[in-house]
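What would the 3D arrangement of this be:
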Amino acid sequence: MTNKQQPAIRINGVTKSYRIYPTPTHRLRDALGWKAEYKQFDALHEVSFDIMPGEFWGIVGKNGSGKSTLLKIVAGQLQPTGGEAVCSGKITLLQLGLGFDPELTGLENIRQSRMLQNLSDDFESVVEFVKGFSELGDFINYPVKTYSSGMHSRLGFATAVAGDPDVLIADEVLAVGDMNFSQKCLAKMREFKDRGKTVVLVTHDVNSVKSFCDHGAWLNEGRLIRLGSAKTVAESFRNFMLYGSIRDVDGVDEVIDQSASDTSSSEINVTSPVESWLVPKAVRRTVSSNQLEISGYRFLDHVSRQTLSMWRPGETIEFQIAFCASEALQLHSFAFTLHDRNGLVALHLNSEFFDVQMLAIDPSKRYEARFCFEVPMLAGGDYSISFGCSSGNEGQLIEKFDHDSVIQIYWDQSNVTNRQGGYVLVPSGSFTYHRHD
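Predicted structure coming up:
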């Protein structure tokens, strides 16, 4: 068992550098100790933080940020160039397809994968679990090259979670197989959390980090940007990916900007607020007649007038769209749609619903279209926004942006909301038994 007085994982000044050679000849010259040309690439740069036993951490960052490199160093599969990563207890890395050879059968790959993680001594005890969890049936004895991508994912996840590790390191394991099996994997992750295991989860899904994790770390270009609560770190990363900036956050979370001294790194502003107006992305424009230009949009709290990137069910918000026209026209209506992660329509509003008449647009003026509504009781998560407008008596669509940005619907956690599922949540309720004598 891990020592409760010591960190389960101690990451102390970890740096990982690679040399990139212009030609194989230069690589060979360097290996022989001769003069050679190369560029040094730092996949990780002096990353430090501790993870205590029983904690559930989420690590976020865009592709190429160093997340997987850090996990491999923690798991002992890579050696750092500088610093150290020390782990206590039995550790396993959940990395789908680790050590899989397409020519070997599923059963043979289970053994090989366990050997690569120095866990081959428990092969006999875990093989039955892998067979049952993966639901592969007789295919467990077939070569992996005959598997579909979903079958490959099933075998990979089942092999990774087999055994009883003290420290579980999970690298993008939630994007596996079909929906039913994905739910089975999520349930297994919850089981590890409930049993007090130390878990480190790397994922692009910020909702998973906020749902499962207690603490978070954000890496960018190999540097540690922020440590703190999972919710705050995930929100900071999400806002940076959407808007290129991070809102100020309250609390005691540690903000670490290690990129300031490195001119090769992308600039990350960790203190500036989200811009008041969001500019629509040209690549998201799907309809345009060049008669009207939408210059920006924003979501405001109806009472406080603060700009929002997150909606809370039951609150009244305003969706404002700034626009102007290049010519005189009769504006028929504005509309917007809220889509869930599967692209299904969760909400659709049109100005026609509110008996708004057509508006004669003066090209010398600037306008704002404003929807004011109460956020419905939709389940928490990320939703994309599409919006547009039409003109003329027939309501011909003249401007439209599809899935231009993401809005998160957030519920405060409670015993009621935590256990619910489905498309909408019920904020409160009760259940009783009645006996009739």
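
how about the residue lying closest to residue 196 once chain neighbours are set aside, secondary structure?
With CB to CB, 6 or more residues apart in numbering as the criterion, residue 196 has its nearest non-adjacent residue at 4.6 Å, and that residue is residue 54. Every C-beta, even on glycine, is put in place using the N, C-alpha and C of the backbone. Secondary structure, DSSP: H, G, I helix; E, B strand; the rest coil: residue 54 is coil.

And for residue 54, the neighbour number?
The tally of other residues near residue 54 (other CB atoms under 10 Å) stands at 16.

and it, what does it touch?
Listed by CB atoms under 8 Å, 6 or more residues apart in numbering, the contact set of residue 54 reads 8, 196-198.

one more time with 10 Å, if that's ok
Counting by CB atoms under 10 Å, 6 or more residues apart in numbering, residue 54 makes contact with 2, 4, 8, 166, 193, 195-199, 214.

likewise residue 402?
By CB under 10 Å, 6+ apart, residue 402 lies in contact with 284-287, 337, 339, 384-388.

repeat that for 7 Å
The contact partners of residue 402, by CB atoms under 7 Å, 6 or more residues apart in numbering, come to 284, 286, 386.

pretty sure the second one is touching residue 400, no?
Translated: residue 286. Yes: assessed by CB atoms under 7 Å, residue 286 is found in contact with residue 400 at 5.2 Å.

What's the separation between the residue nearest to residue 196 and residue 8?
Going from residue 54 to residue 8 by CB to CB, to the nearest Å gives 8 Å.

same deal with residue 169?
The spacing between residue 169 and residue 8, counted by CB to CB, is 11 Å.

now residue 113
Taken as CB to CB, the span from residue 113 to residue 8 is 23 Å.

swap in residue 94?
16 Å.

what about these two, which has more around it?
residue 94 (28 against 25).

looking at this, the more buried one is in a strand?
Yes: the assignment for residue 94 (three-state DSSP) places it in a strand.

Quick check: pLDDT value at residue 264.
Residue 264 carries a pLDDT value of 35.

do the same with the one 4 residues further on
For residue 268, the pLDDT comes out at 41.

cool, residue 173 as well?
65.

go on, residue 253?
So, for residue 253, pLDDT stands at 49.

Residue 7 too?
You'll see residue 7 listed with a pLDDT of 89.

Would you map out the domains in the protein?
For the chain, the structural domains run 9-90+165-255, 282-418, going by automatic domain parsing.

Identify the residues contacting stretch 334-346?
Stretch 334-346 is contacted from outside by 319, 321, 347-351, 369, 371, 378, 381-389, 403, using CB under 7 Å, 6+ apart.

Just the buried subset of these, please.
Buried residues within those, counting neighbours by 16 or more other CB atoms under 10 Å: 319, 321, 349-351, 369, 371, 378, 381-389.

Could I get the full set of strands for the stretch 1-150 of the chain?
Counting by DSSP state E, counting those that start in this stretch, one finds strands in the stretch 1-150 of the chain at the ranges 9-20, 39-51, 56-60, 82-87, 91-95.

Please state the offset of the fourth one from the chain centre?
Taking the mean of its C-alpha atoms, strand 82-87 sits 26 Å from the chain's own mean (CA atoms, centre = their mean, to the nearest Å).

So what are the sheet partners of that strand and their directions?
Strand pairing for strand 82-87, using DSSP bridges, gives strand 9-20 (antiparallel).

hey, C-alpha coordinates of the strand it pairs with in CSV?
Extracted C-alpha coordinates of strand 9-20, given in CSV (Å, rounded to 0.1, in the frame of the first residue of the first chain):
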residue,chain,number,x,y,z
ILE,A,9,3.5,10.9,-6.9
ARG,A,10,6.2,13.5,-6.5
ILE,A,11,7.1,15.4,-9.7
ASN,A,12,10.1,17.6,-9.0
GLY,A,13,11.6,19.9,-11.7
VAL,A,14,10.9,17.4,-14.5
THR,A,15,12.4,18.3,-17.8
LYS,A,16,12.4,16.2,-21.0
SER,A,17,14.4,17.4,-24.0
TYR,A,18,14.9,15.9,-27.4
ARG,A,19,17.4,16.6,-30.1
ILE,A,20,16.0,17.1,-33.6
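
what about the helices in the stretch 101-250 of the chain?
For the stretch 101-250 of the chain, the helices defined by DSSP state H, counting those that start in this stretch occupy 106-116, 123-134, 149-161, 179-194, 206-212, 230-243.

about what we covered before: for the strands of the stretch 1-150 of the chain, give me TSV that also has distance to residue 291.
Output for the strands of the stretch 1-150 of the chain, formatted as TSV (distance: least, CB to CB, whole Å):
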stretch	distance to residue 291
strand 9-20	50
strand 39-51	49
strand 56-60	41
strand 82-87	59
strand 91-95	52
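
Among these, show me which one is buried the most.
Per-stretch averages of neighbours, counted by mean count of other CB atoms under 10 Å, single out strand 56-60 among the strands of the stretch 1-150 of the chain, with a mean of 27.

Which strands or helices does that one pack on?
strand 198-202, helix 206-212, strand 215-220, helix 230-243 (3 or more CB pairs under 7 Å, 6 or more residues apart in numbering; DSSP states H and E).

so what strands line up beside it?
Neighbouring strands of strand 56-60 in its sheet, by DSSP bridges, are strand 198-202 (parallel), strand 215-220 (parallel).

pLDDT below threshold where in the stretch 151-300 of the chain?
173-180, 182-183, 186, 242-275 (pLDDT under 70).

whoops, I mixed them up, the stretch 301-437 of the chain
342, 413, 415-421, 432.

can you rerun that using 80?
The model of the stretch 301-437 of the chain has pLDDT under 80 over residues 341-343, 405, 412-423, 425-433.

now what about stretch 292-304, what contacts it?
Stretch 292-304 is contacted from outside by 276-280, 306-308, 315-325, 372, 389, 398-399, 407, using CB under 7 Å, 6+ apart.

all strands of the stretch 201-350 of the chain, in order?
215-220, 223-229, 254-255, 285-288, 292-301, 310-311, 316-325, 329-339, 345-350.

Comparing these, which stretch has the densest surroundings?
strand 215-220 (a mean of 25).

The host helix or strand of residue 372 packs against which elements?
According to DSSP states H and E, residue 372 maps onto strand 366-374. Secondary-structure packing of strand 366-374 (3+ CB pairs under 7 Å, 6+ apart): strand 316-325.

what angle do the strand it packs on and strand 345-350 make?
Strand 316-325 runs at 60 degrees relative to strand 345-350, counting by axes from the mean of the first three to the mean of the last three CA atoms, to 10 degrees.

Give me the contact list for strand 316-325.
Contacts for strand 316-325 (CB under 7 Å, 6+ apart): 277, 291-302, 308, 311, 334, 336, 361, 363, 366-375, 387.

who does it pair up with?
Strand partners for strand 316-325, identified by DSSP bridges, are recorded as strand 292-301 (antiparallel), strand 366-374 (antiparallel).
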